[in-house]
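[1] My questions concern the predicted model and sequence given below.
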Amino acid sequence: MSIIIKNLNKIYPNGNHALKDINLEIPSGMFGLLGPNGAGKSTLMRILVALMEPTSGDIEIYGYNLLKQRKEVRQILGYLPQDFRFFAKYKVNEFLDYAARLSGMNNSRQRREAINNMLEQVGLYEVRERYASKLSGGMKRRLGIAQALIHNPKVIIVDEPTTGLDPEERIRFRNLLSSVSANDTTIILSTHIVGDISSSCSNMALMNHGQVSFVGSPEEMLKRAEGKVWRLRVTNEQYQEINKKHPVISTIPAGIDWEIQVVADSMSQYGNAEPYTPTLEHAYVYFMENQLDLWMND
Ligand code: ADP
């Protein structure tokens with residue numbers, strides 16, 4: 001395992017218990033951390049990149065103890081925060097040079113070579129003389145990933161990577177990360193968008209209210225939701241009734257009735273309910289609804 005997290009807790013000074021006894025083993029490759037806003041993802045990310053200390057617990061990253069060997073861990077770590085900022089006065093290549101020096105790349109010839117390679121890889125070579133503040137949103141995001149990767153880190157942590165990107169940039173960004181993850185690196189992708197995970201991560205964890213409710217592959221998560229999604233035709237009155245009790249994930253008008261998709265353990269009281277093959281989005285809804293039950297059964 002590349003990263004081992006043991007009994008991790010974070011209680012903020014105001015008493016918010018943002019991480020509740022997290023235990024997680026993360027293998028190399030792309031690992032998705034999925035959860036709604038407020039789940040505790042950013043808190044976990046900030047602890048992993050040594051920007052914040054946990055209240056209790058232990059973290060081992062590629063054999064280093066994060067709390068005791070911060071300096072060593074920082075050198076093998078790249079981080080792209082959610083609100084990535086840079087100084088407006090820097091041009092693209094100057095900014096990367098600054099980032100490379102910060103990560104301890106002291107040899108200027110090697111640094112220049114690494115910067116040029118990275119600019120090619122993220123498709124920013126043509127705009128290397130442009131001021132970073134003049135880049136498009138997608139280009140800024142790519143510059144962000146370039147600064148996280150410039151020193152060839154073993155672990156890359158990316159917080160909400162695709163927020164604000166158009167679909168084309170989103171795909172490009174994911175592909176870029178996938179190509180990096182091929183070299184025995186570990187990439188942790190934190191997101192509240194199911195699609196970010198299903199299209200790129202081989203393993204994932206689901207977080208909610210500071211707890212981890214599922215760890216495994218997206219396929220395993222899908223399996224756990226099998227038999228829990230239903231398609232049925234209902235009257236408007238039935239629809240209102242079901243909607244109060246279960247998450248309705250799709251509603252299509254069908255004459256004066258509705259055809260709906262519902263996440264529920266059973267819909268047997270409605271004669272025409274048929275099981276529906278779950279998508280990862282359905283599975284996510286199922287887990288969010290049943291988190292407490294699953295905790296008790298695990
Ligand atoms: P996510 O990244 O999944 O949206 P966060 O880690 O940002 O979740 O937040 C987890 C919980 O911790 C939330 O309830 C949030 O309000 C709380 N929180 C985050 N930062 C702080 C802080 N600096 N002080 C107090 N509470 C915080």
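    Great, that's in hand. Numbers count the residues shown, from 1 in each chain.
[2] what sits up against stretch 224-238?
    214, 242, 249, 254, 256-265, 267, 270, 272-278, 282-283, 286-287 (C-beta atoms under 8 Å, 6 or more residues apart in numbering). Where you see a C-beta, it was placed from the backbone N, CA and C, and this is true even at glycine.
[3] hmm, 7 Å instead?
    242, 254, 257-265, 267, 270, 272-276, 278, 282-283, 286 (C-beta atoms under 7 Å, 6 or more residues apart in numbering).
[4] Low-confidence stretches in this structure?
    Within the chain, the segments meeting pLDDT under 70 span 161, 291-298.
[5] Enumerate every residue touching the residue minimising distance to the centre of it.
    Nearest to the mean C-alpha position of the chain, by C-alpha atoms, centre = their mean, lies S190 at 1.9 Å. Contacts for S190 (C-beta under 7 Å, 6+ apart) come out as L33, K41, M45, V158, D159, E160.
[6] quick one, phi/psi of the third one?
    Okay, so that is M45. Per-residue torsions, M45: phi -60, psi -50 (degrees, to the nearest 10).
[7] Of the contacts of S190, which belong to strands?
    L33, V158, D159 (DSSP state E).
[8] The residue nearest to the last one when sequence neighbours are not counted: neighbouring residues, count only.
    Closest residue in space to D159, ignoring its immediate chain neighbours: Q82 at 4.2 Å, by C-beta to C-beta, 6 or more residues apart in numbering. Using other C-beta atoms under 10 Å, Q82 has 14 other residues around it.
[9] so how far is E168 from Q82?
    21 Å (C-beta to C-beta, to the nearest Å).
[10] And for V248?
    Relative to E168, and taking C-beta to C-beta, V248 is found at 32 Å.
[11] picking that back up, check contacts around the residue nearest to D159.
    S42, D159, E160.
[12] can you give me the strands for the chain?
    For the chain, the strands defined by DSSP E occupy 3-11, 17-26, 29-34, 56-61, 64-65, 77-80, 155-159, 186-191, 203-208, 211-216, 229-234, 248-254, 257-263, 274-275.
[13] can you tell if the third one touches the ligand?
    Okay, so that is strand 29-34. No - on the criterion C-beta under 6 Å from any ligand atom, strand 29-34 is out of touch with the ligand, staying 8.5 Å away.
[14] Direction included, what does that strand pair against?
    With DSSP bridges as the test, strand 29-34 is paired with strand 186-191 (parallel), strand 203-208 (parallel).
[15] For this structure, which residues are neighbours of the ligand?
    Residues of the chain found near the ligand (C-beta under 6 Å from any ligand atom) are Y12, N14, N16, A18, G35, N37, G38, A39, G40, K41, S42, T43.
[16] Much appreciated, bye for now.
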